[in-house]
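Engineer: give me a model of this one.
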Amino acid sequence: MSLRLIGVAVPLALLLVAAPGRAQSSPTNDVCLTCHGEPDMKRSDGRPVTVDPKRFEHSVHSPLACVDCHADLAKTTDFPHPEKLAKVDCASCHDDQAKQLAASVHTRRPHGNGPPLSCVECHRQPHEILPASDPESATNKLKIEDTCGRCHGDGSAPDGFRGPAVARMFSDSIHGQALTRAGLVVAPTCSDCHTSHAVEEKTSTHSPVFAANVPATCGKCHAGIERDYHAGVHGAALAQGNTQAPQCATCHSAHAITRTESNAWQLGAVQECGTCHAEALATYRDTYHGKVTSLGFSPVAKCADCHRPHQIFKPTDPRSSVHAQNLQATCGACHTHVTPNFVKYQPHANPHNRTKLPALYYSSLFMNALMIGVFGFFGVHTTLWFLRERVGPDDESPPREDRPRG
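Structural biologist: You can find the predicted model right below:
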């Protein structure tokens with residue numbers, strides 16, 4: 001017990017005894033603040049135990065009595081009270097949130113080495129907790145990135161646990177920029193996608209960021225795109241239980257989401273499509289469109305320009321933008337005077353597929369044979385000529401000037 005705490009013991013005890021009938025009642029907040037309202041109030045180990053009366057008055061807990069949370073002091077008449085008190089149980093008022101937190105990854109921390117996450121690590125000072133609607137609250141929409149970043153930032157959490165460093169990626173994303181630069185509170189932040197208390201691993205089927213649940217999570221803001229996605233082949237595959245099927249985060253990433261109009265994103269999307277459609281990417285790279293994009297230029301036809309970004313259907317589906325009846329309109333988005341012959345062009349022609357494109361296959365064989373023959377012939381010719389020059393003219397032949405003239 002600190003000297004400061006002992007120094008106020010006598011007058012506080014006299015205050016309690018002097019009041020008739022007060023000995024059996026719970027101490028009021030004013031009684032507690034007699035000691036804890038002092039700026040230099042500390043425990044014997046030097047840790048401060050000061051409660052700022054003004055900040056407490058503006059907190060969400062201001063209607064409560066101190067002993068509502070510090071229940072073991074409800075009937076205390078002996079002051080100063082012991083330094084070690086029972087841990088405050090937030091579940092006594094916040095039962096649902098406590099149950100969600102207890103079942104969450106923050107309590108289990110399977111990949112960390114710290115203790116389970118407690119309420120105060122996110123809500124900060126327990127005596128100064130502000131409503132989430134307050135701009136200064138640690139759980140305000142504009143502050144959550146900083147709060148989560150204490151564990152998921154570039155540094156480590158206070159208890160030594162270090163989670164995935166995604167806060168910086170989110171900060172630089174289109175969502176993070178909308179929040180921090182434009183102040184748009186309608187933009188999503190950490191808790192909008194992961195929830196506040198019931199945070200689960202992304203491998204859990206109950207998590208909003210589980211592969212099968214991602215479209216619905218993103219669809220809370222992007223409802224129209226979610227509808228288009230589910231109508232396409234990727235959405236249908238995901239709905240059938242194929243969690244490897246592309247979903248929002250597959251193409252846009254989870255935290256480092258950028259504007260799709262950017263040159264870097266559009267070029268990267270081509271390569272991303274190729275992770276599943278390797279043959280299509282290889283044949284695309286053989287075309288004019290593919291050669292230009294491989295040089296770093298995006299104003300040419302890319303995967304999403306022809307197949308659409310979300311309403312993707314099989315080429316045999318009349319709804320597909322690459323269906324035979326729709327090709328003139330699709331190609332016409334870039335090319336003028338598109339004729340039926342124009343759309344016979346094969347954007348993914350594979351010269352090694354004899355069954356699908358026999359004419360191209362044999363033409364490719366002929367051209368390769370011709371090229372090998374031409375280079376082979378002239379290679380032999382050049383080699384012989386080189387050897388002749390090295391050996392020189394025949395010694396038995398007369399000098400050029402002594403040869404008889406015809």
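
Engineer: isn't there a helix covering Asp72?
Structural biologist: Yes - judged by DSSP: H, G, I helix; E, B strand; the rest coil, Asp72 forms part of a helix.

Engineer: pretty sure it contacts Lys87?
Structural biologist: No - using C-beta atoms under 8 Å, Asp72 is not in contact with Lys87; the gap is 9.7 Å. In short, each C-beta sits where N, CA and C put it, glycine included.

Engineer: who's more crowded, those two?
Structural biologist: The neighbour count for Asp72 versus Lys87, taken as other C-beta atoms under 10 Å, is higher for Asp72 (13 against 9).

Engineer: ok, that one to Pro82 distance?
Structural biologist: Noted for Asp72: a distance of 9 Å to Pro82, by C-beta to C-beta, to the nearest Å.

Engineer: cool, and Ala211?
Structural biologist: As judged by C-beta to C-beta, Ala211 and Pro82 stand 52 Å apart.

Engineer: over to Pro116?
Structural biologist: With distances taken as C-beta to C-beta, Pro116 is found 25 Å from Pro82.

Engineer: more neighbours: those two, which one.
Structural biologist: Legend: neighbour count by other C-beta under 10 Å for Pro116 and Pro82, higher for Pro116 (14 against 10).

Engineer: excluding chain neighbours, what is closest to that one?
Structural biologist: Nearest residue to Pro116, sequence neighbours excluded (C-beta to C-beta, 6 or more residues apart in numbering): Thr107, at 4.3 Å.

Engineer: which strand or helix spans the one you found?
Structural biologist: Secondary-structure assignment from DSSP states H and E places Thr107 in helix 105-108.

Engineer: for the helix or strand that that helix is followed by, list the C-alpha coordinates in CSV.
Structural biologist: Reading on from helix 105-108 to the C-terminus, the next helix or strand found by DSSP H and E is helix 119-123. Output of helix 119-123 as CSV, limited to C-alpha atoms (Å, rounded to 0.1, in the frame of the first residue of the first chain):
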residue,chain,number,x,y,z
CYS,A,119,-12.2,-6.2,-23.2
VAL,A,120,-9.9,-3.4,-22.2
GLU,A,121,-7.4,-4.2,-24.9
CYS,A,122,-9.9,-2.9,-27.5
HIS,A,123,-12.0,-0.5,-25.4
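
Engineer: just the buried residues of helix 119-123, please?
Structural biologist: Neighbour counts using 16 or more other C-beta atoms under 10 Å place 119, 121-123 of helix 119-123 among the buried residues.

Engineer: report the lowest-confidence entry in those residues.
Structural biologist: Across those, the bottom pLDDT score, 88, is held by Glu121.

Engineer: could I get the average pLDDT for the longest helix along the chain?
Structural biologist: Across the chain, the helix with the greatest residue count (assigned by DSSP state H) is helix 358-391. Averaging pLDDT along helix 358-391 gives 92.

Engineer: next SSE downstream of the strand or helix carrying Ala236?
Structural biologist: Ala236 is located in helix 233-239, with elements delineated by DSSP H and E. Downstream of helix 233-239, the first helix or strand assigned by DSSP H and E is helix 248-252.

Engineer: helices or strands up against that next one?
Structural biologist: Contacts defined by 3 or more C-beta pairs under 8 Å, 6 or more residues apart in numbering; DSSP states H and E place helix 248-252 against helix 214-219, helix 263-274.

Engineer: need the winner for burial among these.
Structural biologist: helix 214-219 (a mean of 20; mean count of other C-beta atoms under 10 Å).

Engineer: per-residue confidence averaged over that one?
Structural biologist: Here helix 214-219 scores 97 as its mean pLDDT.

Engineer: ok so, going back, export the helices and strands packed on helix 248-252 as a markdown table, with columns for distance to Thr34.
Structural biologist: Below are the helices and strands packed on helix 248-252 laid out as a markdown table (distance: least, C-beta to C-beta, whole Å):
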| stretch | distance to Thr34 |
| --- | --- |
| helix 214-219 | 50 |
| helix 263-274 | 61 |
